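Novice: make a model of this:
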Amino acid sequence: MPLYKLEDFEPNYREVFGGDDVKSLDLYTQGGVRVGSVADALVDQEGRFRYLVIDSSLDSSSKKILLPIGLAHINYQEKRVYVDGLSKQQVESLPEYQESRIVDEDYEENVRNIYRSPNSNVTYDRETYNYQQEPNLYQLNEQNNQTFKLYEERLIAGKSRVKAGEVTVGKHIETETAQIAVPIQKERVVIERVTPTTTETVVGSQDLQFQEGEVARIEVYEETPEIRKETFVREEVRVTKVVDQSTVEAQETIRREELDIDTSGNLDVNETNANRQEGI
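Specialist: As a prediction, this is how the structure comes out:
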């Protein structure tokens, strides 16, 4: 199972712990002897704390080591982490932690071997091992590390985009009979016979005056209507969308758990308001 540095797994981990920073705490023995400080923490892929990275300082020995979280008792009020026994021999035997090194299964097993009690009956199998096999190393279920969760409900607002309808804009052709008046002109010939206004005698041979087959030609014209159709733009139709903004208010009943503290006897109980992640 891969392990992650605290800040790599959750960059805003300080907000998760209500402003507390485990990396600012000093490490003490139960007897009150300072043995180092917390440099970092390693969590698994589900965010559960598995190791504290300790910058140890026992006598003249100084190196970074891994401390299984089950051996640590964290007290944010005192800004201290207490450890159940950490000898100089253990520090010297533990493999040195280097940030550039990947903490794999074999590395973890080397660390566990140093902390295991001599009468431990755990048989290590790289393929099947899980942290639940050694709750004393990885579970914070001791009396001074109990976790009690209070839950509350919150209204989470979201919105989804759904199709409310559809507008189709198209065009079709309608026909009608149109009429147009075209004035035209048409020529006609008017033949008018009139009585001569003079009675003079035509001078010359009588044969010259009579010519058979004499013809007078007049061209007659008339106008005919020519009707054609032309297409032009009658109007333009523009189709656009506008967004109307409005606020919809919703109301729902939510629940919240509150802590009830019932003590018996002459006890001092200190209550702090710090929301911390499960397991630390």
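
Novice: what pLDDT does T197 get?
Specialist: We have a pLDDT of 81 for T197.

Novice: could you verify that it is part of a helix?
Specialist: No - counting by DSSP: H, G, I helix; E, B strand; the rest coil, T197 is located in no helix; its state is coil.

Novice: that one: neighbour count?
Specialist: 5 (other CB atoms under 10 Å). The way it works is simple: take the backbone N, C-alpha and C, and place the C-beta from them, glycine included.

Novice: tell me where the stretch 151-280 of the chain has helices.
Specialist: Along the stretch 151-280 of the chain, the stretches classed as helices by DSSP state H, counting those that start in this stretch are 206-209.

Novice: burial measure for L52, as a count.
Specialist: For L52, the neighbour count with other CB under 10 Å is 28.

Novice: oh, that last question was meant for V81, not what I typed.
Specialist: Count around V81 with other CB under 10 Å applied: 24.

Novice: what sits up against whichever strand or helix holds it?
Specialist: Taking DSSP states H and E as the definition, one finds V81 inside strand 80-83. By CB atoms under 8 Å, 6 or more residues apart in numbering, the residues outside strand 80-83 that reach it are 22, 25-30, 35, 38, 52, 67, 71-75.

Novice: hmm, 10 Å instead?
Specialist: By CB atoms under 10 Å, 6 or more residues apart in numbering, the list of residues contacting strand 80-83 from outside reads 22, 25-32, 34-38, 52, 54, 67-69, 71-75, 144.

Novice: for that strand, which strands pair with it and how are they oriented?
Specialist: strand 26-29 (parallel), strand 72-75 (antiparallel) (DSSP bridges).

Novice: which elements pack onto whichever helix or strand comes after it?
Specialist: Per DSSP H and E, the first helix or strand lying C-terminal to strand 80-83 is helix 88-93. Counting by 3 or more CB pairs under 10 Å, 6 or more residues apart in numbering; DSSP states H and E, the packing neighbours recorded for helix 88-93 are strand 34-43, strand 49-56, strand 64-68, helix 105-115.

Novice: where does the prediction get shaky in the stretch 101-250 of the chain?
Specialist: Scanning the stretch 101-250 of the chain for pLDDT under 70 picks out 140-151, 202-211.

Novice: mind listing the strands for it?
Specialist: Taking DSSP state E, counting those that start in this stretch as the criterion, the stretch 101-250 of the chain contains no strands.

Novice: and stretch 48-63, how far apart are its ends?
Specialist: One end of stretch 48-63 sits 25 Å from the other (CA to CA, to the nearest Å).

Novice: report the buried residues of that stretch.
Specialist: R48, F49, R50, Y51, L52, V53, I54, D55, S56, L58, K63 (16 or more other CB atoms under 10 Å).

Novice: does the last one touch S57 like I think?
Specialist: Yes - taking contact to mean CB atoms under 10 Å, the distance of 9.2 Å between K63 and S57 places them in contact.

Novice: out of the buried residues of stretch 48-63, who's nearest T198?
Specialist: Here the nearest of the buried residues of stretch 48-63 to T198, counting by CB to CB, is R48; it sits at 142.7 Å.

Novice: phi first, then psi, for that closest one.
Specialist: phi -80, psi 140 (degrees, to the nearest 10).

Novice: D21: what's it in contact with?
Specialist: L6, Y13, R14, V38, Y76, K79.
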